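Participant: Got a sequence here, can you model it:
(chains A, B, C and D)
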Protein chains: 2
Amino acid sequence: MVNFSTSEENHIKTIFHLQQTAETVTTNELAEGIGTKPASVTDMLKKLKTKKIVHYQPYQGFRLTAEGEKYALGIIRRHRLWEFFLSEKLNFKWDEVHAVAEDLEHVSSRQLIERLDEFLGFPKFDPHGDPIPDNQGRVEVTQQLMLSEIKSNKIVTVSQIKNQSAPLLEMLKHQQIQLGTKLELKRRFEFDNSIEIKIRNKPVFIMSEQQAQNIFVTHG
Amino acid sequence: MVNFSTSEENHIKTIFHLQQTAETVTTNELAEGIGTKPASVTDMLKKLKTKKIVHYQPYQGFRLTAEGEKYALGIIRRHRLWEFFLSEKLNFKWDEVHAVAEDLEHVSSRQLIERLDEFLGFPKFDPHGDPIPDNQGRVEVTQQLMLSEIKSNKIVTVSQIKNQSAPLLEMLKHQQIQLGTKLELKRRFEFDNSIEIKIRNKPVFIMSEQQAQNIFVTHG
DNA sequence: TACTTTTTTTAGGTTTGTCTAAATTTTATT
DNA sequence: AATAAAATTTAGACAAACCTAAAAAAAGTA
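Facilitator: Numbers count the residues shown, from 1 in each chain, chains lettered A, B, ... in the order given. From the prediction side, this is the model:
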């Protein structure tokens, strides 16, 4: 497979993320996402088109090709493995890992990534709860739900924290909630949609709807 | 402190290594060392001179300034910490670490390097036995000697393997000699300068002069 | 539909880091 | 010391990845 520059990789990765939520990605969106000007994005699109990474017709928006998606998943794999490493081994906070992983993800030694994966124990999710693609680009598809939408008397596992703001992280820390924590949703109060939560060996407590909307969980 | 590009860092680092063995570094040497053409080196030198990283007068060779050396030690620190990580944690062979560390060394997050250092237990030497500068650029200066030059009845510690060829590494592995291994030099045979070596809890064995010339040790 | 606004592209520059070929300086040799 | 050889620098180009300003296309609106 061809080799891509850091800038090309940033474009590919960002297109991948943007096309998750829309049929087609626009020039302005991508420029915004990467922090460049639209004119620069147009230049890059032309290049990526000749390299068969994007489907692109002037003025018509664009999307990654199958090839492009495969490559994007490789970049995302590297990024999330490094995030896991930084968080798990170097004790970075959740909101500190991203910036450093942005640099590390472009070091593209195949061997490095495979051994890092092994060293980390083949993790399936990064510290934000986002899935880590395997070396074939496959992603564990566990259905994630907002904690605020779970029915009463269910046991769920925390899989992702949407908002990485310091105040929320502080609160989670206080409540001893982290990725992988099992929560039992005892009941829901209709008045304000707050919920009663039980963690094993700890007293029950109430969680606001606002907080529950930022916690994603999987069943079981 | 200013920020340097990957290419600038490669120049600074290579100048540092070259000036260890010569009063002054030449344009051709540096071009050779980096893998570019002399004309490109001249361009870079002009830039590094304006940034006060090198002392340079056209046609006169050059050297790093104090500032330049300090920066170089930072790059070398990153390089060797990554080498240690790759070797120690990811089980890379000694001769595989260098290439990957060449890329990783340019990821310049201060926090990353300090935490990596801590995670690794503040190692003093990389897998090749080269010293790792601390975060002030200080280097452990332990006098290293060739094993072939040690007197009889001395106990020494393996600190560096000069030749990283697969055959030598294989032999060392067989003999269970690695960095940090304590060796007792029992006696020397004048005939071929081979030496008799004892490792604690293991039978004595004979080592050729050729092998002993590739093993560096410190006293004690 | 005609006009205005927004989006996107094009045209033409800039910076960084490289190159080749030619000119210059230094070093080595007769 | 004169000349040849080697090392170094200069001059001029080029590709990558940006930019600004202007032109063109698409979308929105009166």
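
Participant: pLDDT below threshold where in chain A?
Facilitator: A:1 (pLDDT under 70).

Participant: what are the ranges of the helices in it?
Facilitator: Secondary structure of chain A by DSSP state H: the helices cover A:6-18, A:27-34, A:38-50, A:66-88, A:97-104, A:110-119, A:166-175, A:209-212.

Participant: what number of residues lie near A:Pro203?
Facilitator: When neighbours are counted by other CB atoms under 10 Å in any protein chain shown, A:Pro203 registers 6. Quick note: C-beta positions are derived from backbone N, CA and C, even for glycine.

Participant: Roughly how far does it sit from B:Glu23?
Facilitator: Per CB to CB, to the nearest Å, A:Pro203 is found 73 Å from B:Glu23.

Participant: rewinding a little: which one of the helices of chain A lies closest to B:Phe16?
Facilitator: helix A:97-104 (22.7 Å; CB to CB).

Participant: Relative to the whole chain's centre, how far out is that closest one?
Facilitator: Computed by CA atoms, centre = their mean, to the nearest Å, the chain-centroid distance of helix A:97-104 equals 13 Å.

Participant: cool, and stretch A:135-143?
Facilitator: Relative to its chain's centre, stretch A:135-143 lies at 12 Å (CA atoms, centre = their mean).

Participant: Up against chain B, what does chain A have?
Facilitator: Counting by CB under 8 Å from any CB of the partner chain, chain A comes close to chain B at A:86, A:89-92, A:96, A:99-100, A:103-104, A:107-109, A:111-112, A:115-116, A:118-119.

Participant: Buried among these? Make that a ChimeraX selection.
Facilitator: In ChimeraX, a selection of the buried entries from these looks like this (16 or more other CB atoms under 10 Å in any protein chain shown):
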select /A:86,90,92,96,100,103,104,107,109,112,115,116
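
Participant: Distance-wise, check the most centrally placed residue in chain A relative to B:Glu140.
Facilitator: Centroid-nearest residue in chain A, with CA atoms, centre = their mean: A:Asp130, separated by 3.8 Å. The spacing between A:Asp130 and B:Glu140, counted by CB to CB, is 41 Å.

Participant: who are the neighbours in contact with A:Ser208?
Facilitator: A:Ser208 makes contact with A:192, A:194, according to CB atoms under 8 Å, 6 or more residues apart in numbering or on different chains.

Participant: do that again at 10 Å, thanks
Facilitator: Shown in contact with A:Ser208 (CB atoms under 10 Å, 6 or more residues apart in numbering or on different chains): A:148, A:171, A:192-195.

Participant: tell me the phi and psi of it?
Facilitator: phi -70, psi 160 (degrees, to the nearest 10).

Participant: Can you give me the end-to-end span of stretch A:103-123?
Facilitator: Length of stretch A:103-123, first residue to last, CA to CA, to the nearest Å: 20 Å.

Participant: Wondering if that stretch reaches DNA strand D at all.
Facilitator: No. Stretch A:103-123 is not in contact with DNA strand D by CB under 7 Å from any atom of the strand; minimum separation 10.9 Å.

Participant: one step back: tell me the phi and psi of the residue nearest to the centre of chain A?
Facilitator: phi -80, psi 140.

Participant: separation between the spatially closest residue to it that is not a sequence neighbour and B:Gly61?
Facilitator: Spatially, and ignoring its direct neighbours in sequence, A:Asp130 is nearest to A:Arg80 (6.1 Å; CB to CB, 6 or more residues apart in numbering or on different chains). If you measure A:Arg80 against B:Gly61 using CB to CB, the figure is 47 Å.

Participant: Compare the two and say which is more crowded by neighbours.
Facilitator: More crowded of A:Arg80 and B:Gly61, by other CB under 10 Å: A:Arg80, with 23 against 17.

Participant: ok, that one - contacts?
Facilitator: A:Arg80 is in contact with A:97, A:101, A:105, A:123-128, A:130-133, counting by CB under 10 Å, 6+ apart.

Participant: cool, A:Asp130 as well?
Facilitator: A:76, A:79-80, A:83, A:139, A:144, A:159-160, A:216.
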